[in-house]
Every structure is written in C-alpha cells, then in structure tokens.
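Engineer: the sequence isn't on hand, but the structure is:
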C-alpha cells in the first residue's frame, strides 16, 4: 500500500513554487503578518490558500461564510476565486485586525465581494440563520468549533462544503500526554465529525490540518 510522503521544508518549497501563484496583495498580507510575532500563527498557510482557491473554482461556489478572518489572507484567497458577483460574509470579533483586512481587500479590488461583520460569531450566526451558503470556512476560537460546525450544517445548500482549519493541532491530537482544553476540544470535534452520517469527510494535511465535509 502506498504511503504519504514526509513533506520536508525543501519539498514544501518545491510544491509551492510549482503551484498556484499568489496575488501581489496576498504576498503583502503574508509579509505584514510576519511582523506580528507569535500571533502570525493565526494565518492560513500558502498551500491552504491554493486549496481554497481551487476548490471554489472547481465547485463553482458563489456564496461563502467565513468564521474567523484575522488579517484577511484566507478571505482574499477565496474572494479571488469567486465570480465577480460572488459574496463572502466574513465574521470576526477583532476590530483592529478587521480594519487591516479591509484595507487589503480594497487594494486587491475584491472588497465588493466581501462583507465583514465585527461581533462574536455565535451572535451573528443566529441572525443569519435563514441565509444559505455554498461553503463555510471555520478558522476561529477552538472552544466553539463544534457549535460552529453544527450551526453551519443548517446554513448550507445541499451538496455544500464545510472546511475546518487546525484539526491536527500541531500534531498534538495524537499525543496522549497532551490534554489541555484546546487539544481536547479538537479531538472531540474530529471524533464527532468522523461519525456524522450527514456528511462525507476527509482530513487533508495542509497547514495545521483541514477537514473538508460535504453535506449529503
């Protein structure tokens, strides 16, 4: 049986070099985040940007809900793939980082596709419960991941996708000696989704791990 490759730094660089090229403003966001210190870990990886872009193109997605925006790299990656009349509703509770993200959206000329909402996501999800989306991307506070997932199922069109970031949690999900509240929450979510018959699912080891679920 074939085995997955061990992705070294050199091989990762090769993969990125030969993959989808970044927009100049995506590069600006990455360079900006590098100056933020440890908080830059909240940014998605380049391979995740490429994946989100292509899955939107292939699936002909038109309307996206993003839970967790940070400085806007994932948002912009998806917006660039949407048709000109596509839409992203991007939720985040940090007004400071949201202002920065909006400036990047304007510079990329993608801001007409993006609506940002600054409130705790659970509050907004209740208010938009009658809207329907083709894709929900979850990359926010881990303690509420399962709630976000459950609510998102009711917001999707049939055949819609939920993509969840950080599901491998730096590899700590398999370390029985690590049992902090965040690791336990991620494990709980992964176990729950693995048994959820409402979706087809796969975990992809991009970045910190992504689960892709398709509503049956």
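Structural biologist: Nice, I can see it. Just so it is clear, the structure is predicted and the values come from calculations on it, not from any experiment.
Engineer: roughly how far does the residue nearest to the spatial centre of the chain sit from residue 152?
Structural biologist: Closest to where the C-alpha atoms of the chain average out (C-alpha atoms, centre = their mean) is residue 137, at 4.4 Å. Distance, residue 137 to residue 152, by C-beta to C-beta, to the nearest Å: 9 Å. Any C-beta I mention is one placed from the backbone N, CA and C, and that applies to glycine too.
Engineer: give the residues shared as contacts by these two.
Structural biologist: Shared contacts of residue 137 and residue 152 (C-beta atoms under 8 Å, 6 or more residues apart in numbering): 65, 67, 162.
Engineer: not counting sequence-adjacent ones, nearest residue to the last one?
Structural biologist: To tie it back to what came earlier, the one meant is residue 162. residue 213 (4.4 Å; C-beta to C-beta, 6 or more residues apart in numbering).
Engineer: ok so the one you found is a strand residue?
Structural biologist: Yes - assessed with DSSP: H, G, I helix; E, B strand; the rest coil, residue 213 lies in a strand.
Engineer: residue contacts, it?
Structural biologist: 161, 162, 163, 164, 193, 196, 199, 200, 201.
Engineer: partner strands of the helix or strand where the fourth one lies, with direction?
Structural biologist: Using DSSP states H and E, the secondary-structure element containing residue 164 is strand 156-165. Using DSSP bridges, the neighbouring strands of strand 156-165 in the sheet come out as strand 133-138 (parallel), strand 210-215 (antiparallel).
Engineer: tabulate the ones you listed in JSON lines, adding columns for mean pLDDT.
Structural biologist: Shown next, in JSON lines, are the strands paired with strand 156-165 (pLDDT from 0 to 100):
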{"stretch": "strand 133-138", "mean pLDDT": "98"}
{"stretch": "strand 210-215", "mean pLDDT": "98"}
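Engineer: between these, which gets nearest to residue 78?
Structural biologist: strand 133-138 (7.0 Å; C-beta to C-beta).
Engineer: and the next helix or strand past the closest one?
Structural biologist: helix 145-153.
Engineer: give me the contacts around that next one.
Structural biologist: Counting by C-beta under 8 Å, 6+ apart, 65, 67, 121-122, 125, 129, 136, 138, 140, 162, 164, 185-186, 188-189, 192-193, 198-199, 215 sit against helix 145-153.
Engineer: in it, what's buried?
Structural biologist: Going by neighbour count (16 or more other C-beta atoms under 10 Å), the buried part of helix 145-153 is 145, 148, 149, 151, 152.
Engineer: quick one, that helix and strand 210-215 angle?
Structural biologist: Interaxial angle of helix 145-153 relative to strand 210-215 (axes from the mean of the first three to the mean of the last three C-alpha atoms, to 10 degrees): 30 degrees.
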